[in-house]
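Colleague: got a predicted structure plus its sequence, pasted below:
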Amino acid sequence: MPESIKRVIESFKMLPGVGEKTAERLAFSILDFDEDQIELFSSSITEVGEKIRKCSICNSLTENDVCDICLDKTRNQNILCVVDDVKNVFIFEKMAMFNGYYHVLDGLISPMDGVNPEDIGLERLLDRIHNANFKEVVFAFNPSIEAETTSMYIKRILSDSGLIFTRLASGVPMGANMEYIDSLTLERALNDRKEVE
């Protein structure tokens, strides 16, 4: 196999979830591209590497120093949604159901994995909260022990702030078999139970 194709295959294998066969299939599909498509494909990857940076306020992705969301003064100034993965910002924005601001942490606290509070960028979050007029902080993490630890740690540090702390509702999904649901999800479902109307 020509070296250039091998390099493309190895490059595709760097992507999450892409194994040898998928990488080969993708590499050979590029051979069917015309010159303009190849130029667009390669230049868009280069452009992402050169232009994308983290927002200096919320730590999300942007091509500028400050992202469009942080610059938008029409958003709800009272609510801050804290996420641990930048992809979640774009998921919420695509749904167009949240109109507050975001803050992206660099992961979650996990002492078992050697990830401590200073490793996830908490200082920036705390500075931002102290310098703004937020009334509510929403923790929008996937349910896990690490998410619970991080939420409780942040809440404890800001216990005198007068802020309301909330998290996304979670519980048993429709159509799920209780036998296969993890204990943390079941515990949350019991604790967050609602009155039948």
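Modeller: That came through fine.
Colleague: ignoring the adjacent residues along the chain, who's closest to the most centrally placed residue in the chain?
Modeller: Geometric centre of the chain, nearest residue: Asp85, 1.9 Å, by Cα atoms, centre = their mean. Once flanking residues are discounted, Asp85 sits nearest to Val104: 7.4 Å by Cβ to Cβ, 6 or more residues apart in numbering. C-beta coordinates here come from the backbone N, C-alpha and C atoms, glycine included.
Colleague: sorry, back to before: hang on, the residue nearest to the centre of the chain packs against Leu108?
Modeller: No: contact status for Asp85 versus Leu108: not in contact, 9.4 Å apart, counting by Cβ atoms under 8 Å.
Colleague: could I get the contacting residues of Val66?
Modeller: By Cβ atoms under 8 Å, 6 or more residues apart in numbering, Val66 lies in contact with Cys55, Ser56, Ile57.
Colleague: mind putting those in CSV, distance to Thr46 and neighbour count included?
Modeller: Below are those laid out as CSV (distance: Cβ to Cβ, whole Å; neighbours: other Cβ atoms under 10 Å):
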residue, distance to Thr46, neighbour count
Cys55, 22, 22
Ser56, 23, 13
Ile57, 27, 19
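Colleague: closest to Lys94 out of those residues?
Modeller: The nearest member of the contacts of Val66 to Lys94, counting by Cβ to Cβ, is Cys55 at 17.9 Å.
Colleague: give the closest residue to that closest one in space, chain neighbours not counted.
Modeller: Of all residues not flanking Cys55 in the chain, Cys67 sits nearest, at 4.0 Å (Cβ to Cβ, 6+ apart).
Colleague: before we move on, what about Ala169?
Modeller: Nearest residue to Ala169 in three dimensions, chain neighbours excluded: Asp192, at 5.9 Å (Cβ to Cβ, 6+ apart).
Colleague: pLDDT wise, what is the one you found at?
Modeller: As predicted, Asp192 sits at a pLDDT of 76.
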